[in-house]
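Asks: Here's a sequence, model it:
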Amino acid sequence: MEGYGPTSYGEAFADVYDHWYADVSDVASTVSFIADLAAGGPVLELGIGTGRLALPLAARAVPVVGIDTSVGMVARLREKPGGERIDVVVGDMSSDDDVPGGPFAVVFVAYNTIFNLLDPTAQQRCFDVVASRLGDGGAFVVEAFVPDDGQRSGDHVEVRSLTADAVVLSVSRHDPGGQCIEGQFVELTEAGGVRLRPWAIRYSSPDELDGMAAAAGLELASRAAEWIQTPLPRRPRTMYRSTAVPIPDCVR
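Replies: Just a heads-up that it's a prediction; the model follows:
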């Protein structure tokens, strides 16, 4: 998408993120999993956003820091109770210069955020940086959807929401060959006119993510449905370890 850059998503969605995506995944299960896995150690969230997960982690006394490309998202986090106490870097989660130094017991990236890195080289750099930030036996947890064999292609327009005074359309372009999807949420309101909210992802398969982890010196420890142990869904939770160590029963 011409003109789309690393900060485009966050700046476009910061004002509606909490309203549109508050229940996009199971916050309680995610927070419990990460807190148990960290066992009191420090945690780094990649793509911390408005603090949907970091704030409840901090409320459980988990020492959590974050990184995000969006000044707008971080500003929303800062406005919330407890937000001022979370250390956040505004920067690129694939940059060795930007990512906080660690060492961390857990690094995690939730709800497809790894795919906001728009080429496989950047995704590999992210794995490499994370591997260098993990303590011995530390875990990198990735939540991301699984592309299916029937991935749609071409252009699509759908209605996201419809009210008496507003319409939100989802306009997207799918390129299975390039493993890319880009789109716009087009918001039409009687009072405000037209608002465009662009987004783009480059998705990778579980095998590709496993290959990136291996190249970074990480080992696949587990893969499960979201944040609980159920049959593999479209958006599983995958955990990689910095060294081969036993996995506690509580996180199997």
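
Asks: any idea whether the residue lying closest to residue 124 once chain neighbours are set aside is helix, strand or coil?
Replies: Excluding its sequence neighbours, the residue lying closest to residue 124 (CB to CB, 6 or more residues apart in numbering) is residue 212, at 4.9 Å. Backbone N, C-alpha and C define where each C-beta goes, glycine included. At residue 212 the chain is in helix, as set by DSSP: H, G, I helix; E, B strand; the rest coil.

Asks: Is it correct that residue 212 is in contact with residue 127?
Replies: Yes: the pair residue 212 and residue 127 passes the contact test of CB atoms under 8 Å, sitting 4.5 Å apart.

Asks: Phi first, then psi, for residue 36.
Replies: Main-chain torsions, residue 36, degrees, to the nearest 10: phi -60, psi -40.

Asks: All further residue positions should be reported with the first residue as 23.
Replies: OK, 23 is where the count begins now, so the last one is residue 58.

Asks: Surely residue 155 touches residue 127?
Replies: No: Residue 155 is beyond contact range of residue 127, at 10.6 Å (criterion: CB under 8 Å).

Asks: Sketch out the strands for the stretch 123-272 of the chain, chain order is fine.
Replies: Ranges of strands within the stretch 123-272 of the chain are 126-131, 156-165, 176-184, 188-197, 202-211, 215-224, 241-246, 259-263, based on DSSP state E, counting those that start in this stretch.

Asks: Can you tell me which of the ones you listed is most buried?
Replies: strand 126-131 (a mean of 26; mean count of other CB atoms under 10 Å).

Asks: so what secondary structure elements neighbour that one?
Replies: helix 49-60, strand 65-68, helix 142-155, strand 156-165 (3 or more CB pairs under 8 Å, 6 or more residues apart in numbering; DSSP states H and E).

Asks: just so I know, which of these lies nearest residue 173?
Replies: Among these, the nearest to residue 173 by CB to CB is helix 142-155 (16.6 Å).

Asks: what residues does the closest one touch?
Replies: Under the criterion CB atoms under 8 Å, 6 or more residues apart in numbering, residues 66, 68, 115-118, 121-126, 129, 131, 136-137, 139, 162, 224, 226, 230-231, 234-235, 237-240, 264 lie in contact with helix 142-155.

Asks: Make a PyMOL selection of the buried ones in those residues.
Replies: Entered in PyMOL, the line below selects the buried ones among those, by 16 or more other CB atoms under 10 Å:
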select buried, resi 66+68+115+116+121+122+124+126+129+131+136+137+139+162+224+226+231+234+235+238+240+264
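
Asks: In the chain, where is pLDDT below threshold?
Replies: The model of the chain has pLDDT under 70 over residues 171-172, 248-258, 265-274.

Asks: OK, contacts around the spatially most central residue of it?
Replies: Centrality entry for the chain: nearest residue to the mean C-alpha point is residue 135, 2.6 Å, by CA atoms, centre = their mean. Applying CB under 8 Å, 6+ apart, we find residue 135 in contact with 68, 69.

Asks: quick one: it from residue 147, how far?
Replies: 15 Å (CB to CB, to the nearest Å).

Asks: would JSON lines of the strands of the stretch 123-272 of the chain with distance to residue 38 be doable?
Replies: Formatted as JSON lines, the strands of the stretch 123-272 of the chain follow (distance: least, CB to CB, whole Å):
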{"stretch": "strand 126-131", "distance to residue 38": "21"}
{"stretch": "strand 156-165", "distance to residue 38": "21"}
{"stretch": "strand 176-184", "distance to residue 38": "11"}
{"stretch": "strand 188-197", "distance to residue 38": "9"}
{"stretch": "strand 202-211", "distance to residue 38": "8"}
{"stretch": "strand 215-224", "distance to residue 38": "8"}
{"stretch": "strand 241-246", "distance to residue 38": "31"}
{"stretch": "strand 259-263", "distance to residue 38": "26"}
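
Asks: And those strands: which comes nearest residue 36?
Replies: Across the strands of the stretch 123-272 of the chain, closest to residue 36 is strand 215-224 (CB to CB), at 10.0 Å.
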